[in-house]
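Participant: Have a look at this fold, sequence not included:
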């Protein structure tokens, strides 16, 4: 009996490991260049677009202004997370923010307390939209903003410097900040197996999914929310529940409210933008469903044959899902970049984002129960439409790596050439429908921040 139980337990564990490696390891950014998506939503909110310029502040100035109140806020935030997030890993007591700490370590202590990568300097800058007017602000290279080695997605993006005590418009600030979790690398290297010193002390444990050895791969659990998988998938792959976007969304909402309350609107808008990033990520079907197009039964079958040494089906499935994820992301980036450069704000995706109306008041259940749920429900359709509208090599050839291919920059032309102009139109309408929930709930998130609504669970 004991031998049978041990054998069954070992099979379950092997299945869990097999499913873990099935989660695609690439494409952990949901939308390349979040400002492309966020701008029309924010521009349509009068409290954002019509607000006058605010004074730019360094992160040190903000943190040193109200340290005791900030200490209390972060204590309350930790209590909220412990109460409301089932899989939340507790903050080690030694990392809690203390108001009486050394001024020389202020930024680092804040990074430790909110458990982001302490290499992030939070520079003062703006990310311009394609074709946008930078004025006389000094240009910056991505390497002057980010510690990341791979900034290829921002190769054509214009960045400009902001000076403390200078001015910037709230619309510019919040839109720029929506790209920061990816661009600045806020969530990179935070787990104990990520080969970083801070990852060993942050208390997040081992990375539950994604590839801990890839630069962007380590941010996956903060940017993906697999909240609506089947019961059998959770049984064999319980690690999928260990997703943390809700933690980030709520944290930055409360920091934004705190900044506005204490007279620091620059950081109020910037933290608002950070929270919006994760909300938009959950609108991406490949961030809301573990294996779109594969299915639970097929995933288990692939895991079983992989256990006995037949690795081809697993490798093929991972590559195809990864390529389709990348194809969707790159399509949206290319189409919207071109629309902005031409001044075509009536482009279907941009027009839909800008014309979205307010929905029900925002609550802290919205990321999981609304945005992620709607994306999950459309995952199968998204995967099917990509297969039918994209060049076959991009989405149906497991020997091809789209993420590093120069051909991905010509994705629209190649779609039209192989599948006809109707393919681009069809995928454009699908993307429009995918992003509308973010537009509606993003408006609600901003209203909740500005009204100082603490939300409900």
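Facilitator: Here it is on my side, so go on. Model, not experiment: these values are computed from the prediction. Numbering: from 1, shown residues only.

Participant: Was I right to think residue 37 contacts residue 436?
Facilitator: No: using Cβ atoms under 8 Å, residue 37 makes no contact with residue 436, being 11.2 Å away. Backbone N, C-alpha and C define where each C-beta goes, glycine included.

Participant: residues contacting the closest residue to residue 129 other than its chain neighbours?
Facilitator: Nearest non-adjacent residue to residue 129, counting by Cβ to Cβ, 6 or more residues apart in numbering: residue 340, 5.2 Å away. Listed by Cβ atoms under 8 Å, 6 or more residues apart in numbering, the contact partners of residue 340 are 36, 129, 130, 131, 132.

Participant: Backbone dihedrals for residue 340, please?
Facilitator: Torsion angles at residue 340 (phi, psi; degrees, to the nearest 10) stand at phi -60, psi -40.

Participant: Tell me where the stretch 1-150 of the chain has strands.
Facilitator: Taking DSSP state E, counting those that start in this stretch to define them, one finds strands in the stretch 1-150 of the chain at 54-55, 125-127, 139-140.

Participant: Give the partner strands of the first one in its sheet and their orientations.
Facilitator: Translated: strand 54-55. Note on strand 54-55: by DSSP bridges, its sheet partners are strand 167-168 (antiparallel).

Participant: outside of the strand it pairs with, which residues touch it?
Facilitator: Here strand 167-168 makes contact (Cβ under 8 Å, 6+ apart) with 53, 54, 55, 56, 126, 162, 266.

Participant: Helix or strand next in line after that strand, which one?
Facilitator: Toward the C-terminus, strand 167-168 is succeeded by helix 170-177 as the next helix or strand (DSSP states H and E).

Participant: Can you name the element that comes right after that next one?
Facilitator: With DSSP H and E, the next secondary element past helix 170-177 is helix 180.

Participant: Show me what that following helix is packed against.
Facilitator: Other elements packing on helix 180 under the criterion 3 or more Cβ pairs under 8 Å, 6 or more residues apart in numbering; DSSP states H and E are helix 265-281.

Participant: Can you show me the helices along the stretch 151-300 of the chain?
Facilitator: Counting by DSSP state H, counting those that start in this stretch, one finds helices in the stretch 151-300 of the chain at the ranges 170-177, 180, 220-223, 231-236, 245-261, 265-281, 285-288, 296-307.

Participant: of all these, which lies closest to residue 314?
Facilitator: Among the helices of the stretch 151-300 of the chain, the nearest to residue 314 by Cβ to Cβ is helix 296-307 (4.3 Å).

Participant: Quick one: mean pLDDT over that closest one.
Facilitator: Across helix 296-307, the average pLDDT comes to 72.

Participant: Return, as residue ranges, the portions of the stretch 301-450 of the chain with sub-threshold pLDDT.
Facilitator: By pLDDT under 70, the low-scoring segments of the stretch 301-450 of the chain are 306-307, 311.

Participant: And the strands in it?
Facilitator: Here the stretch 301-450 of the chain has no strands by DSSP E, counting those that start in this stretch.

Participant: What segments of it are helices?
Facilitator: Under the criterion DSSP H, counting those that start in this stretch, the stretch 301-450 of the chain contains helices at 312-342, 348-355, 366, 373-377, 379-389, 392-396, 411-419, 421-450.

Participant: Please work out the angle formed by the directions of the first one and helix 296-307.
Facilitator: Read it as helix 312-342. Put simply, helix 312-342 runs at 120 degrees to helix 296-307, going by axes from the mean of the first three to the mean of the last three Cα atoms, to 10 degrees.

Participant: how close does residue 34 sit to residue 278?
Facilitator: Applying Cβ to Cβ, to the nearest Å, the value for residue 34 to residue 278 is 10 Å.

Participant: Those two: which is more packed in?
Facilitator: Higher neighbour count among residue 34 and residue 278: residue 278, with 28 against 25, using other Cβ atoms under 10 Å.

Participant: you'd agree that one is up against residue 251?
Facilitator: No: contact between residue 278 and residue 251 fails when scored by Cβ under 8 Å: they sit 9.6 Å apart.

Participant: before we move on, back to that, adding distance to residue 371, write the helices of the stretch 151-300 of the chain out as a markdown table.
Facilitator: Below are these laid out as a markdown table (distance: least, Cβ to Cβ, whole Å):
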| stretch | distance to residue 371 |
| --- | --- |
| helix 170-177 | 18 |
| helix 180 | 19 |
| helix 220-223 | 13 |
| helix 231-236 | 20 |
| helix 245-261 | 9 |
| helix 265-281 | 6 |
| helix 285-288 | 8 |
| helix 296-307 | 22 |
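
Participant: of these, which approaches residue 66 most closely?
Facilitator: It's helix 245-261; of those, that one is closest to residue 66 (Cβ to Cβ) at 8.0 Å.

Participant: Go ahead and measure how far the closest one is from the middle of the chain.
Facilitator: Distance, stretch centre to chain centre, for helix 245-261: 15 Å (Cα atoms, centre = their mean, to the nearest Å).

Participant: now for it, which elements pack on it?
Facilitator: The contact analysis (3+ Cβ pairs under 8 Å, 6+ apart) places helix 245-261 against helix 67-84, helix 220-223, helix 265-281, helix 421-450.

Participant: Which one, of these, ends up nearest to residue 172?
Facilitator: Short answer: helix 265-281, nearest of these by Cβ to Cβ, at 8.8 Å.

Participant: residues of the closest one that come out buried?
Facilitator: Neighbour counts over helix 265-281 (16 or more other Cβ atoms under 10 Å) mark 265-281 as buried.

Participant: With stretch 424-433 instead?
Facilitator: In stretch 424-433, counting by 16+ other Cβ under 10 Å, buried: 424, 426, 427, 428, 430, 431, 432.

Participant: Residue 381 is in contact with the fifth one, correct?
Facilitator: Yes: using Cβ under 8 Å, residue 430 is in contact with residue 381, at 7.3 Å.

Participant: show me what contacts residue 335?
Facilitator: Shown in contact with residue 335 (Cβ under 8 Å, 6+ apart): 347, 349, 412, 424, 428, 431.

Participant: how close does it sit to residue 44?
Facilitator: Residue 335 sits 20 Å away from residue 44, going by Cβ to Cβ.

Participant: Residue 295 now?
Facilitator: Applying Cβ to Cβ to residue 295 and residue 44 gives a distance of 38 Å.

Participant: What of residue 103?
Facilitator: Separation of residue 103 from residue 44 (Cβ to Cβ): 41 Å.

Participant: more crowded one of the two?
Facilitator: More neighbours surround residue 44 than the other of residue 103 and residue 44, with 16 against 11 (other Cβ under 10 Å).

Participant: looking at the helices of the stretch 301-450 of the chain, which is buried most?
Facilitator: Ranked by average neighbour count under the criterion mean count of other Cβ atoms under 10 Å, the helices of the stretch 301-450 of the chain are headed by helix 366 at a mean of 25.

Participant: ends of stretch 341-350, how far apart?
Facilitator: Terminal residues of stretch 341-350 lie 13 Å apart, using Cα to Cα, to the nearest Å.

Participant: Can you name the residues in contact with it?
Facilitator: With Cβ under 8 Å, 6+ apart, stretch 341-350 has contacts from 40, 130-131, 332, 335-336, 338-339, 351, 354, 428-429, 431-432, 435.
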